[in-house]
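J.: Sequence and predicted structure are below.
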Amino acid sequence: FFAQTQQLIGGGRDPSLRPRATLAALDALVEAGWIEPSVRDDLARAYLFLRTVEHRLQMVADEQIHTIPADAATLARFAAFCGYADVAAFEAAMTDVLRTVERHYARLFESASSLSDTAGSLVFTGDSDDPETVETLSRMGFANPSEVAHAIRGWHFGRFAATRTRQARELLTELTPQLLSTVGQTQNPDATFMSLDRFVQNLPAGIQIFSLLKANPHLLDMIVEILGAAPAVADTLSRRPRLIDALIDPAFAGTLPDIATYARRLERALGDAASYEDLLDRVRLFGQEQMTLIGARMLTGGVEPETAAEAYTALADALLARLHTAVEETFAAAHGRIEGGATALVGMGRLGSREMTSSSDLDLILIYDAAGQESDGPRPLGATTYYIRFAQRLIAAISAPTAVGGLYEVDMRLRPSGKAGMLATRIDAFEHYQLNEAWTWEHMALTRARVVCGDPAFSARVEAVMHDVLSTPRDAAAIARDVCDMRVRVQKEKGSADIWNVKAVAGGLTDIEFITQYLVLANAHAHPELLAGSTSAALRALREAGLVDAGSAETLLAAAALFSRVLQVLRLSVMGSFDPATAPRGLAGLLARVADVPSFDRLAPLLEKQQADVVALFDKLVPQTPE
């Protein structure tokens with residue numbers, strides 16, 4: 001039962017946890033990080049001991065029996081049959097084994113003790129408030145205890161899908177004291193409770209979530225913390241409660257994975273996918289769960305925003321590589337392959353610079369080459385049509401919603417000729433366009449590009465082409481004019497006066513990127529080390545090359561770090577624009593922490609100052625700025 005319980009919790013997401021044999025299941029739980037090897041060893045020894053005893057009982061009785069003899073003489077003979085000198089030795093061995101199993105079993109199912117005895121009266125029956133309950137809720141920190149009591153009565157009366165069964169209501173009744181105590185310790189108990197109430201209302205029918213919370217008290221603490229800091233995340237969890245399973249995965253507390261680790265875990269999650277459609281569903285489930293884990297780790301202080309950005313990007317890389325392979329295989333099965341054919345998927349924007357957020361879309365370009373003119377499959381296609389349809393299939397695999405939801409939005413507007421261009425671009429056409437026809441803004445975007453996946457040799461060739469394009473000598477004055485014109489256009493179309501819109505506000509991330517991209521394009525022909533991918537890496541390279549003075553570089557780096565941290569948190573926590581006046585206290589506290597300021601009210605002045613500094617540096621570092 002110890003093994004089966006954890007298989008039921010984790011096996012839905014991880015096929016490797018599904019062995020039927022108990023010893024194999026224990027090994028799988030160790031491999032996946034659910035239990036320690038020492039626990040596996042203890043339980044395996046106990047299992048073998050008890051199985052041996054069971055088999056010998058059945059040998060003696062010649063029937064299915066599991067009861068040790070009660071009379072002394074028979075027990076003595078049985079102890080000897082099991083290899084023990086006397087009954088006392090046998091009983092000592094049996095007791096030791098049973099205590100070992102009991103110890104590990106108890107640790108698995110231990111839960112926080114009820115708080116009802118120490119918190120005071122908590123009665124939510126009837127139609128009106130219980131005066132002692134209202135007093136208890138006030139002591140627990142709630143400013144509007146009657147509203148809290150009214151909401152909880154709604155839970156217990158089965159008004160919502162998740163609380164309609166008697167068993168669900170019984171579990172929720174047991175959890176209520178702990179729920180209230182945990183919520184009462186947050187910065188704004190009433191607001192957090194209202195988020196919790198919405199969370200419960202949105203849950204589907206079933207008792208799984210309440211059972212998980214009862215068996216994993218730390219999960220309750222985590223959800224309450226998320227409710228206080230990011231109601232948008234909590235809403236997602238309530239609509240897709242299977243994502244909550246990911247929060248109890250042993251991997252949650254570990255180091256965030258790199259791309260190789262994500263790729264291994266993804267293959268394990270795919271298991272024996274029954275079809276292409278099944279594979280797409282499993283990829284989406286895995287991606288959604290891992291994004292939830294990354295976000296929850298950041299919200300609860302487990303990782304810094306910069307680490308979250310790297311993890312979001314590594315996850316996207318692993319997912320894209322696997323989908324590229326899947327599409328390649330299914331497409332070849334229908335249309336065959338083209339002689340000498342190869343593809344490379346180029347990531348731009350935040351994907352390319354490894355600075356993704358929880359809501360980043362994917363800026364992609366598909367580049368190909370082929371020696372043959374037509375594919376060799378049952379339904380052959382000409383090379384151009386082949387790769388355009390391949391690109392369409394790949395975009396659908398990445399972005400089309402399935403029964404389990406979506407994965408990423410895809411933006412292909414950065415391909416040559418933008419919306420008017422073909423979805424797939426031949427490498428010689430790509431090179432010609434970039435060298436002879438591309439606008440400056442397209443070269444600016446190319447400074448953050450990299451190959452995400454594809455044929456290794458061809459990918460290296462594409463990287464070399466992009467490097468050559470960016471290393472071409474340019475007229476610095478012309479680049480500066482184009483960058484300034486682009487800045488005016490972007491501010492007109494997408495600009496903002498809101499200091500919390502740290503990307504689009506004057507002096508925000510876009511301005512920092514434009515400064516950096518201008519300096520890279522103007523100097524990369526002499527300093528190839530500037531082609532570093534991310535804005536911060538390029539700024540450091542510019543400083544080391546002496547192309548930006550140390551003070552200016554430090555100002556830009558500090559502003560980029562601050563704005564990126566704030567952006568990571570807001571993209572995860574808030575739907576739409578951010579209003580500091582109505583921000584949950586938990587979110588305000590989180591923003592203050594990631595910005596490294598003593599209190600939230602110190603953050604707005606810091607943003608204003610750094611944005612003004614960036615505006616001044618734009619005028620200093622990018623010449624010929626238009627009026």
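T.: That came through, no problem.

J.: what about the stretch 201-350 of the chain, any weak spots by pLDDT?
T.: Along the stretch 201-350 of the chain, the parts satisfying pLDDT under 70 run over 206-207, 250-253.

J.: ok, the nearest residue to Arg474 once chain neighbours are set aside - contacts?
T.: Excluding the flanking residues, the one nearest Arg474 by C-beta to C-beta, 6 or more residues apart in numbering is Leu521, at 5.8 Å. Heads up, the C-betas are built off the backbone N, CA and C, glycines and all. In this structure, Leu521 makes contact with Thr440, His443, Met444, Thr447, Leu470, Arg474, Ile479, judged by C-beta atoms under 8 Å, 6 or more residues apart in numbering.

J.: In helices, which of those residues appear?
T.: Among these, the ones falling in helices (DSSP state H) are Thr440, His443, Met444, Leu470, Ile479.

J.: Buried by neighbour count, from those: which ones?
T.: When these are checked for burial by 16 or more other C-beta atoms under 10 Å, the buried set is Thr440, His443, Met444, Leu470, Ile479.

J.: which one of those residues is nearest Ala215?
T.: Closest to Ala215 out of these is Met444 (52.2 Å), distances taken as C-beta to C-beta.

J.: Find the nearest non-adjacent residue to Ser399, please.
T.: Per C-beta to C-beta, 6+ apart, closest to Ser399 is Val410, 4.5 Å.

J.: Also Leu557?
T.: Leu539 (5.4 Å).

J.: secondary structure class for the one you found?
T.: helix (DSSP: H, G, I helix; E, B strand; the rest coil).

J.: And it, how far from Ala79?
T.: Using C-beta to C-beta, to the nearest Å, Leu539 is found at 77 Å from Ala79.

J.: got it, and Ala3?
T.: Separation of Ala3 from Ala79 (C-beta to C-beta): 29 Å.

J.: from the chain's centre, how far out does stretch 424-444 sit?
T.: 34 Å (C-alpha atoms, centre = their mean, to the nearest Å).

J.: And it, what's buried?
T.: For stretch 424-444, the neighbour count (16+ other C-beta under 10 Å) marks 424-427, 429-431, 433-434, 438, 440-444 as buried.

J.: can you tell me the average pLDDT over it?
T.: Stretch 424-444 carries an average pLDDT of 95.

J.: can you check stretch 127-138 too?
T.: On average, stretch 127-138 scores 87.

J.: Show residues contacting it.
T.: 119-124, 145-146, 148-150, 153, 180.

J.: Most neighbours among those, please name it.
T.: Val148 (27 neighbours; other C-beta atoms under 10 Å).

J.: Now do the SS call for that one.
T.: helix.

J.: Gln201 versus that one, what's the distance?
T.: Distance from Val148 to Gln201, by C-beta to C-beta: 14 Å.

J.: and what of Leu17?
T.: Here Leu17 is placed at a distance of 32 Å from Gln201 (C-beta to C-beta).

J.: try Glu374
T.: In this view, Glu374 and Gln201 are 58 Å apart by C-beta to C-beta.

J.: Also Val303?
T.: According to C-beta to C-beta, Val303 and Gln201 sit 30 Å apart.

J.: Settle it for me: which of the two has more neighbours?
T.: Using other C-beta under 10 Å, the more surrounded residue of Val303 and Gln201 is Val303, with 20 against 16.

J.: Which residue lies closest in space to the more buried one, excluding its sequence neighbours?
T.: Nearest in space to Val303, with sequence neighbours left out and distances taken as C-beta to C-beta, 6+ apart, is Arg297 at 4.6 Å.
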